[in-house]
Structure formats: structure tokens, C-alpha cells
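1. build me a model from this:
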Amino acid sequence: MDLELRHLRTIRAIADAGSLTRAATALGLAQPALSAQLKRIERSLGGALFTRGRYGVRPTALGELVLDRAGVLLPAVRELQEEAVRFARAWDGMPRFRLGGTHGPLLGALVDRLATAHPGTSVTTRTSWSEREIAAQVVEGRVDFALVGACGESPPPAADRLAWREIAVDPVFVLLGRDHPLAGQREVELAQLAEEAWTDVPGDGCFADCFAAACARAGFTPSRVYETDTASCVHLVQVGRAVGLCRATFPPTPGLVTRPLAGAPLSWRHLVGWHPGSSAAGVAASVVAHTRAAHTEAAARSVSYTRWLAEHPGFGVTPPAAAPCRDRA
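-> Sure, this is the predicted structure:
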């Protein structure tokens, strides 16, 4: 039997799981089938790859050698496949902008700016609630640019594979009904909202944990948090069922107001990412500039944020010279 990549992936899965039972579950196989496959692989390599004990399996010296080589070969093959996909989907001299983004107003504004600046050029979008999914689509060559957010100082997804530029840093505001008792305040203490239910949009970063920690510092635990789409968040706030967590650039909406949380306990970083080896890298500077302009326009439409920014110069659009560079080859 010739050794194949799938055999190396099987060996890697067994080592990662630490037992044949767990590895079989992860691979979607019956344990007897996995055991039989492992025996065939071991025969082809000339010896046992794992020792079996009551607490699972451990690599033998031969197993360590094979795992060491697999640690080089498997990532190299994966990168070859991804590079081939990007090459096959190259622009062929025809400019285009394939954008992937999460929820928020900046994606639509960026589409509008690119379509205006490059008439006749194809501008397409993909959206997902998952920042990691959008980043993976860039890595795979399915989209050219990712427009996502990161909570606080948390790193962007696929930071070791993509180049990232910080567009802006916004505080997280609270979204209130216009008749809410706190709607008339210029800013709201988080502790003043201790008895409220909350609503916000989903994501796969650390925002939920950071919000819970901020509430704990303010002396309370949220009674409930409704995680749903933007339209449902707006409805829940409008009918008084909850107060919302929103970006400071949340557009003006009838019946609602946005107010800063005192001390800015939560912040949100807007990021644009692309693969440094893709054709998109050649126009990345233009996309970044358009995204910064779109954020500036969005911020200007919010009276509460414009007023707040004048007193907090550390927030808002990140100057190009100060924007963190997260390039990875």
C-alpha cells in the first residue's frame, strides 16, 4: 500500500485525539474501521506508530518521526491548494472587487464608493455573521477583501495568513427607545441599565464575554441577552422589550436614540484584510482609503457620536500612519 495524504491526516487525527475512539468520532468512522486502517498504514511504514494503553494512545519513536514529517507536508499541501485556487480565480487583467463582510453599514457604503469610483467594474458581496468564515473565504480565494470587526484588542481572524489594516476604533453605544427614561442623558452609566434585557447581533469573537465582564465590573449580571439580526434588535428596542448594543456609527432610526456608555467600557475595531499573495493586494490601499472615507461619512451622520468624538480624540478613523500593520506572508 502506498502512503497517501489521507493516511497522514488519519495519523495526525489519532495523535491529536489521543485515543482511537475519539479520533474515530472526529473522522466520522467506526472504531473497528479506523483500527483496521491504522494497521494497514503501520504495515506500509514497517512498524507500530502508537502504543495503546488504558488512557489512550501515544506515538512511538516511529510515530513521532511520521508526525514530524506530516507537520511539514500537510500545511504545505494545503497552502499549495489554496494558492492554486487563488491563481485559478485571478483577475486575468480585469479589475473586480469581491467583498466579504459581517453586518453593519460600512459594507454597503464601501460598495457604493467602489462602484462610483470604478464604473463598469464588478463589485460583489458575500456576508456572514462569522468573522472567521469571511476570513477563510479570503484565504481560499473566494473573496478578495474581508471587512470585519474585532472586539477591543483581540486579533483579527487568520492573522497569520492575511494582511490587515485597522480602519477605525469605535466605542460601543447603547440603543434606546426615544421614550426610554435615560434617552435624554448625554451618556449612560452601564450600572443604570442593570435591570434591562439586552439585544445585539451574533458573532464568533469575544464580544459576549467582554460585555459580561463589563457588566460584572458595573456590579450586575444581565438578566437576558437576545442575540438576533439587526432588524429584530431594532424592533425589540422600539417596543421596549430590550435595550441594544450597537456601534457608534449606527444610522439614525425613527423612534430610537444612541447614547455613549460612560467610560467607553467596550470598543470595536473595524478591519480590512486581504491575502498578500493575491491580485487584490495591488488595489488594497485604495480599498482601505475608501473604507476609511465611508466610516468618516457614517460617523458624521450620528449627532451623538460626532459630539462624543470631539471629546475623545483617541477614537474614530485610524490615521494611515498609525494603523497597525498585521501583514503575514
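
2. list the buried ones in the helix or strand bottoming out on mean pLDDT in the chain?
-> Within the chain, judged by mean pLDDT, DSSP states H and E, the helix or strand with the poorest mean is helix 61-88; its value is a mean of 82. By 16 or more other Cβ atoms under 10 Å, the buried positions in helix 61-88 come out as 63, 66-67, 70, 82, 86. Bear in mind the C-beta positions are built from the backbone N, C-alpha and C, glycine included.

3. quick check: the farthest pair among the residues you listed?
-> Distance extremes for the buried residues of helix 61-88: the farthest pair is 63 and 86 at 34.2 Å, using Cβ to Cβ.

4. which residue packs closest to the residue nearest the centre of the chain, ignoring adjacent ones?
-> In the chain, the C-alpha nearest the mean C-alpha coordinate belongs to residue 131, at 2.1 Å (Cα atoms, centre = their mean). Nearest residue to residue 131, sequence neighbours excluded (Cβ to Cβ, 6 or more residues apart in numbering): residue 148, at 4.3 Å.

5. return the residues in contact with that neighbour.
-> Residues in contact with residue 148 (Cβ atoms under 8 Å, 6 or more residues apart in numbering) are 101-102, 131, 134-135, 156-157, 270-271, 273.

6. swap the cut-off to 6 Å and go again
-> Listed by Cβ atoms under 6 Å, 6 or more residues apart in numbering, the contact set of residue 148 reads 102, 131, 134, 271.

7. and these as CSV, adding distance to residue 140, secondary structure and pLDDT?
-> Formatted as CSV, these follow (distance: Cβ to Cβ, whole Å; DSSP: H, G, I helix; E, B strand; the rest coil; pLDDT from 0 to 100):
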residue, distance to residue 140, secondary structure, pLDDT
102, 17, coil, 87
131, 15, helix, 93
134, 11, helix, 95
271, 18, strand, 95
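
8. give me the buried entries from these.
-> The neighbour-count test (16+ other Cβ under 10 Å) marks 102, 131, 134, 271 as buried among the contacts of residue 148.

9. my read: the last one touches residue 163, true?
-> No: with contact defined as Cβ atoms under 6 Å, residue 271 does not count as touching residue 163 (10.4 Å).

10. now do the helix or strand harbouring residue 170: distance to the chain's middle.
-> Using DSSP states H and E, residue 170 falls within strand 163-177. Strand 163-177 has its average C-alpha position 14 Å from the chain's average C-alpha position, going by Cα atoms, centre = their mean, to the nearest Å.

11. same thing with stretch 277-294?
-> Relative to its parent chain, stretch 277-294 has a centroid offset of 18 Å by Cα atoms, centre = their mean.

12. and for stretch 194-213?
-> The chain centre lies 16 Å from the centre of stretch 194-213; the measure is Cα atoms, centre = their mean.

13. which parts of the stretch 151-300 of the chain are strands?
-> Along the stretch 151-300 of the chain, the stretches classed as strands by DSSP state E, counting those that start in this stretch are 163-177, 198-200, 225-227, 243-247, 256-260, 267-274.

14. contacts only, for residue 294.
-> 106, 109-110, 113.

15. now intersect those residues with the strands, please.
-> Per DSSP state E, strands hold no members of the contacts of residue 294.

16. where does confidence bottom out across the residues you listed?
-> Scanning the contacts of residue 294 for pLDDT, the low point is residue 106. It has 89.

17. apart from its neighbours in sequence, what residue is nearest that residue?
-> residue 294 (5.4 Å).

18. and the residue nearest to residue 131, helix, strand or coil?
-> The local conformation at residue 148, judged by DSSP: H, G, I helix; E, B strand; the rest coil, is strand.
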